[in-house]
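Participant: Fold the following, please.
(2 chains)
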Amino acid sequence: LAKTTQPISMDSYEGQEVNITCSHNNIATNDYITWYQQFPSQGPRFIIQGYKTKVTNEVASLFIPADRKSSTLSLPRVSLSDTAVYYCLVGVRPARQLTFGSGTQLTVLP
Amino acid sequence: ETGVTQTPRHLVMGMTNKKSLKCEQHLGHNAMYWYKQSAKKPLELMFVYSLEERVENNSVPSRFSPECPNSSHLFLHLHTLQPEDSALYLCASSPNSLQATEAFFGQGTRLTVV
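Facilitator: Reported below is the predicted structural model:
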């Protein structure tokens, strides 16, 4: 089971780009990297998933270097409503993949 | 709205009560999950069901008893709980339990044990 390490917290200002990096040094060959967002008292919400290189969707980008030992979630032009906890998960089977760590508390300031 | 519905949203129960949490999804998913999230703690995976069969049980106390009568419904039966069991209980579903896929979470049931 690949262990992930993320910063405990980050602050940003509205309109800025935010990059949250996750380390996963013992990622396995078949593992995928997935990011979730969670607001207080709500269930996590899927943001993005990738295996290698770069993945982009309407809300975020995910950058994965060639060695796949880390990944960076990029949120363009954050707003106050992006204040949440962001989780990086690594695995292939959902029962393993959906093992959450402590996540990163992102606070967006006005 | 994620397509995963949990009821009730809030529940207060005494330590001698028996209650059940319900989760329902009509996304056509074959895997469903129960999580516990205590205050300021990471989500803890409690149970995984795939095609109505329980495939993982992460050493959860027997006072928590899951039931999955079909692939659309998941229950968590509660009895003789302790105050430390107060938490947000989350249900999730995914297309299957074998491949890396997006999981959908419900809004959770906020449980308070008094």
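Participant: and chain A, which residues reach chain B?
Facilitator: Neighbours of chain B within chain A, by CB under 8 Å from any CB of the partner chain: A:31-32, A:34, A:41-46, A:49, A:91-95, A:97-103. Using the backbone N, CA and C atoms, a C-beta is placed for each residue, glycine as well.
Participant: Quick one, which of those residues are buried?
Facilitator: A:31-32, A:34, A:42-46, A:49, A:91-95, A:97-101, A:103 (16 or more other CB atoms under 10 Å in any protein chain shown).
Participant: Cross those residues against strands and list the overlap.
Facilitator: Among these, the ones falling in strands (DSSP state E) are A:Tyr32, A:Thr34, A:Arg45, A:Phe46, A:Gln49, A:Gly91.
Participant: can you tell me which two in these are farthest apart?
Facilitator: Using CB to CB, the pair of these lying farthest apart is A:Arg45 and A:Gly91, separated by 18.1 Å.
Participant: Looking at chain A, which residue is nearest chain B?
Facilitator: For chain A and chain B, the shortest gap (CB to the nearest CB) falls at A:Gly43, measuring 2.8 Å.
Participant: And the pLDDT for that residue?
Facilitator: Looking at A:Gly43, its pLDDT is 92.
Participant: got a list of what the closest residue to it other than its chain neighbours touches?
Facilitator: The shortest distance from A:Gly43 to any non-neighbouring residue, by CB to CB, 6 or more residues apart in numbering or on different chains, is to B:Phe105 (2.8 Å). Applying CB atoms under 8 Å, 6 or more residues apart in numbering or on different chains to B:Phe105 gives the contacts A:Gln42, A:Gly43, A:Pro44, A:Arg45, B:Thr2, B:Val4, B:Leu90, B:Cys91, B:Ala92.
Participant: do you know how far the fourth one is from B:Lys19?
Facilitator: In this structure, A:Arg45 lies at 27 Å from B:Lys19, with CB to CB, to the nearest Å as the measure.
Participant: do the last one as well
Facilitator: If you measure B:Ala92 against B:Lys19 using CB to CB, the figure is 20 Å.
Participant: Looking at the two, which has the bigger crowd around it?
Facilitator: Taking other CB atoms under 10 Å in any protein chain shown, B:Ala92 and B:Lys19 do not tie; B:Ala92 has more neighbours (27 against 17).
Participant: That one belongs to a strand, doesn't it?
Facilitator: Yes - looking at B:Ala92 with DSSP: H, G, I helix; E, B strand; the rest coil, it is inside a strand.
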